[in-house]
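Student: Pasted the sequence and its predicted model underneath.
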Amino acid sequence: MEKISDRLLNWASILEPTTRVQAERTASMPFIHPHVALMPDAHLGLGATVGSVIPTDRAIIPAAVGVDIGCGMMAVRTQFTGDDVRGRDLGTLHEQVSRAVPLSAGRYNKELRETAAARVAELRDLPGVAQADGVAHNWPLQLGSLGSGNHFIEVCLDEDDRVWLFLHSGSRGVGNRLASKHIRIAQDRTKAKGVDVPDRDLAYLEEGEPEFDAYVEALHWAQRFAALNREEMMDRLAEQVSRFLTDEVQRAQVVQCHHNYTERETHYGSEVWLSRKGAISARAGQWGLIPGSMGTASYVVVGKGNVESLTSAPHGAGRAFSRTAARKRFSRADLDRRMRGIAWGRSNAFLDEHPDAYKPVDVVMADAADLVEVRHTLRQVVNVKGD
């Protein structure tokens, strides 16, 4: 761990200068208490650094949570082994999953599925649903859809040749619109108060104001939507794997965690609003998930409860190149080579998800050695993404 300042601690051995400067700006905000923790996967983000843990006293920075509220991971260890999948046409399973789950930005279910109905009913009963209805009236049809970018659905094998189901997604279009709305409100409020912030996207909302309460309400609703969205997709993935292997999936272990969210937590004896933007909670004994990029390993971990990190850990490999730079830098032939042996979408659309567009995940995990203990290492055999 590197102590950049009293208000900024860093676990990233690979840290771009622009990312460092951005994190220092966030740490300079007057309500940061006690310090910002920069995770091993830290990279440049909107306003606040992706891969940062930001404790705030009586205030929240909406852009420090991000526009994909509640984004996170879910994994299920099944009873199957590699012997059950080897020698089978995994391209067929890829096609089945791609039909069962709407992929890509702006693509949702055509009708409310029976499996999603109870989850939608729960969300309709939660505070914040009126805000969701106001920004995206079709949010019930979004439940059970993947999205694009680095979101994925995978079938993996662990170090003991056991089959895991693994996925990554968030609160979809409705979460994006709720976040964008409240980021704008924070910017307007900060400007109206005449407050000078070092970055427009560090605009904040303060406790005691109705705008703050409205954001927290929307935040909690979207975080629950994201968790239920992952559950719905996992049900569909398990159904397709059961069909493919002609045996019902048994869930031997289930792990789920957010990595873009805010919760009320106590650190260094003070209760704060803790925003993890691209970071997972890693309390002592807490299970978590840290994915690599396409074609690399992912990890099932247990937290060590590191106090200085605000009991947090990285959420993935962290980008090394922007999407535009990656498309220019990497070739389809090289991506094909790196994905050999994995059933995937085989499209140029995924060039910006090339493994080398991210930091080496083994370096990230080495940097996180005092934050988490690795329990399982997962290798993909099926990778489903939206373009």
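Tutor: Happy to help now that I have it. Numbers count the residues shown, from 1 in each chain.
Student: Verify the stated contact: Trp273 with Tyr261.
Tutor: No. Counting by Cβ atoms under 8 Å, Trp273 does not reach Tyr261; the two are 10.7 Å apart. The C-beta positions use only the backbone N, C-alpha and C, and glycine is treated the same way.
Student: Just want to know which of these two has more residues nearby.
Tutor: Neighbour comparison, Trp273 and Tyr261: the larger count goes to Tyr261, with 28 against 24 (by other Cβ atoms under 10 Å).
Student: Just the mean pLDDT for the one helix or strand the more buried one maps to, thanks.
Tutor: Assigned by DSSP states H and E, Tyr261 belongs to strand 260-267. Average pLDDT, strand 260-267: 97.
Student: Repeat that for stretch 111-130.
Tutor: 95.
Student: List the buried residues for that stretch?
Tutor: For stretch 111-130, the neighbour count (16 or more other Cβ atoms under 10 Å) marks Arg113, Ala116, Arg119, Val120, Leu123, Gly128, Val129 as buried.
Student: Same check on stretch 241-250?
Tutor: Quick answer for stretch 241-250 (16+ other Cβ under 10 Å): Val241, Phe244, Leu245, Val249.
Student: Does anything pack onto the strand holding Tyr261? Which helices or strands?
Tutor: Packing partners of strand 260-267 (3 or more Cβ pairs under 8 Å, 6 or more residues apart in numbering; DSSP states H and E): helix 210-245, strand 270-277.
Student: So which of those is nearest Met39?
Tutor: Nearest to Met39 among the helices and strands packed on strand 260-267 is strand 270-277 (8.8 Å), distances taken as Cβ to Cβ.
Student: Rounded mean pLDDT for the closest one, please.
Tutor: Strand 270-277 comes out at a mean pLDDT of 98.
Student: List of residues touching stretch 372-383?
Tutor: 75, 77, 85, 90, 93-94, 97, 152-159, 164, 166, 282, 287-288, 290, 294-295, 297-304, 313, 339, 341-345, 365 (Cβ atoms under 8 Å, 6 or more residues apart in numbering).
Student: can you redo the helices and strands packed on strand 260-267 as a markdown table with distance to Tyr108?
Tutor: A markdown table is the format used below for those (distance: least, Cβ to Cβ, whole Å):
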| stretch | distance to Tyr108 |
| --- | --- |
| helix 210-245 | 11 |
| strand 270-277 | 26 |
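Student: Hmm, Ser270 and His33 touching each other?
Tutor: Yes. Counting by Cβ under 8 Å, His33 does reach Ser270; the two are 6.1 Å apart.
Student: These two - which one has more neighbours?
Tutor: Between His33 and Ser270, counted using other Cβ under 10 Å, His33 has the larger neighbour count: 16 against 11.
Student: what's around the residue nearest to the more buried one when sequence neighbours are not counted, how many residues?
Tutor: Once flanking residues are discounted, His33 sits nearest to Asp57: 4.6 Å by Cβ to Cβ, 6 or more residues apart in numbering. The number of residues packed near Asp57 is 14, by other Cβ under 10 Å.
Student: Does Asp57 touch Ser270 like I think?
Tutor: Yes. If you go by Cβ under 8 Å, Asp57 and Ser270 touch, sitting 7.2 Å apart.
Student: May I see the buried residues of the longest strand seen in the chain?
Tutor: Counting residues, the longest strand found in the chain (DSSP state E) is strand 372-384. Neighbour counts over strand 372-384 (16+ other Cβ under 10 Å) mark Val372, His376, Thr377, Leu378, Arg379, Gln380, Val381, Val382, Asn383, Val384 as buried.
Student: same check, this time on stretch 355-365
Tutor: Across stretch 355-365, burial judged by 16+ other Cβ under 10 Å covers Pro355, Asp356, Ala357, Tyr358, Lys359, Pro360, Val361, Val363, Val364, Met365.
Student: Dump those residues to a markdown table, plus distance to Ala226 and secondary structure.
Tutor: Listed next are the buried residues of stretch 355-365 as a markdown table, based on distance: Cβ to Cβ, whole Å; DSSP: H, G, I helix; E, B strand; the rest coil:
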| residue | distance to Ala226 | secondary structure |
| --- | --- | --- |
| Pro355 | 26 | helix |
| Asp356 | 29 | helix |
| Ala357 | 24 | helix |
| Tyr358 | 22 | strand |
| Lys359 | 24 | coil |
| Pro360 | 28 | coil |
| Val361 | 23 | helix |
| Val363 | 28 | helix |
| Val364 | 23 | helix |
| Met365 | 25 | helix |
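Student: Helix 210-245 and the helix or strand hosting Ala121, what's the angle between them?
Tutor: Element membership of Ala121 [criterion: DSSP H and E] is helix 114-124. Relative orientation of helix 114-124 versus helix 210-245 (axes from the mean of the first three to the mean of the last three Cα atoms, to 10 degrees): 170 degrees.
Student: I'd like to know which elements helix 114-124 is packed against.
Tutor: Helix 114-124 is packed against helix 139-142, helix 210-245, with contacts defined by 3+ Cβ pairs under 8 Å, 6+ apart.
Student: That's all I had, so thanks and see you.
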